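Participant: Need coordinates for the following:
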Amino acid sequence: MLRHSFLFLLLCLSTAFAEDTRTKVALAGDSTVTDTAGWGAAFAKLLGPKAECLNFARGGQSTKSFRDSKNWQKVLDSKPAYVLIQFGHNDMPGKGPARETDPETTYRENLIRFIDEARAIGAKPIIVTSLTRRVFDKDKIRGELKPYADAATKVATEKQVPLVDLFTRSVELHNKLGIAESDTFNPPGKDAKTTDRTHLNPHGAEVIAGIIAEELHKTAPDLAKLLK
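Facilitator: Now for the predicted structure:
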């Protein structure tokens, strides 16, 4: 009986050790990165057994509110090896002073702080530009998030961190698909009169996560090795 108990304890300890040695990949972002309304859960499924995805993204968050609400501190406290950072949707004008940032000043400054603080704990930050809204002007994506995507791209270049240009890739994708096919990415709206062209259903999440994985193979091959 004692021998069986000892073996069981060894098994538990070895399992816990195996889990502890998995590489932590943290996600920091808004609702388009969450498991329920974004690409987070679909991306986690693409990671192999040697990696663990920790999703700290929260709905309604901007680069400002994510820090103010202490969510960014939770990312740092988890001690990840990698941090994928995607914001922009709630940084835009009209979101209120608690969330709004300017792409050329405060948005840029917030991203730089995220990068510097991630590096300070030994994590490797990766900037992901904003996922486009699937809103068309005639037959082309309107792309109102471009100033934030451009600012994030400049920061990634200046700080020499890997960039996943999801904004450009998603704009190209939906311009190619057109309105009807792009609408297959839409989750249910709040009511029968509402169409949600910002968030993702499971199909949309899988496609977008696949694009992110493709880009990581180009810009962050060390992280890409952890993908299936």
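Participant: going forward, measure contacts between C-alpha atoms and count neighbours the same way
Facilitator: Will do.
Participant: Could you point out the longest strand of this protein?
Facilitator: The residue-count maximum for a strand in the chain (DSSP state E) belongs to strand 23-29.
Participant: What strands line up against it, and which way round?
Facilitator: According to DSSP bridges, strand 23-29 forms sheet pairs with strand 51-55 (parallel), strand 82-86 (parallel).
Participant: could I get those as a markdown table with mean pLDDT, mean neighbour count and distance to F66?
Facilitator: What follows is these, written out as a markdown table (pLDDT from 0 to 100; neighbours: other CA atoms under 10 Å; distance: least, CA to CA, whole Å):
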| stretch | mean pLDDT | mean neighbour count | distance to F66 |
| --- | --- | --- | --- |
| strand 51-55 | 98 | 20 | 13 |
| strand 82-86 | 99 | 23 | 11 |
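Participant: now those in CSV, with distance to T106?
Facilitator: Shown next, in CSV, are the strands paired with strand 23-29 (distance: least, CA to CA, whole Å):
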stretch, distance to T106
strand 51-55, 24
strand 82-86, 15
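Participant: for these, which one sits closest to V155?
Facilitator: Closest to V155 of those is strand 82-86 (CA to CA; 12.1 Å).
Participant: Buried residues, the helix or strand just after that closest one. List them.
Facilitator: Proceeding N to C from strand 82-86, the next assigned helix or strand is helix 106-120, under DSSP states H and E. For helix 106-120, a neighbour-count test (16 or more other CA atoms under 10 Å) marks Y107, R108, E109, N110, L111, I112, F114, I115, D116, E117, A118, R119 as buried.
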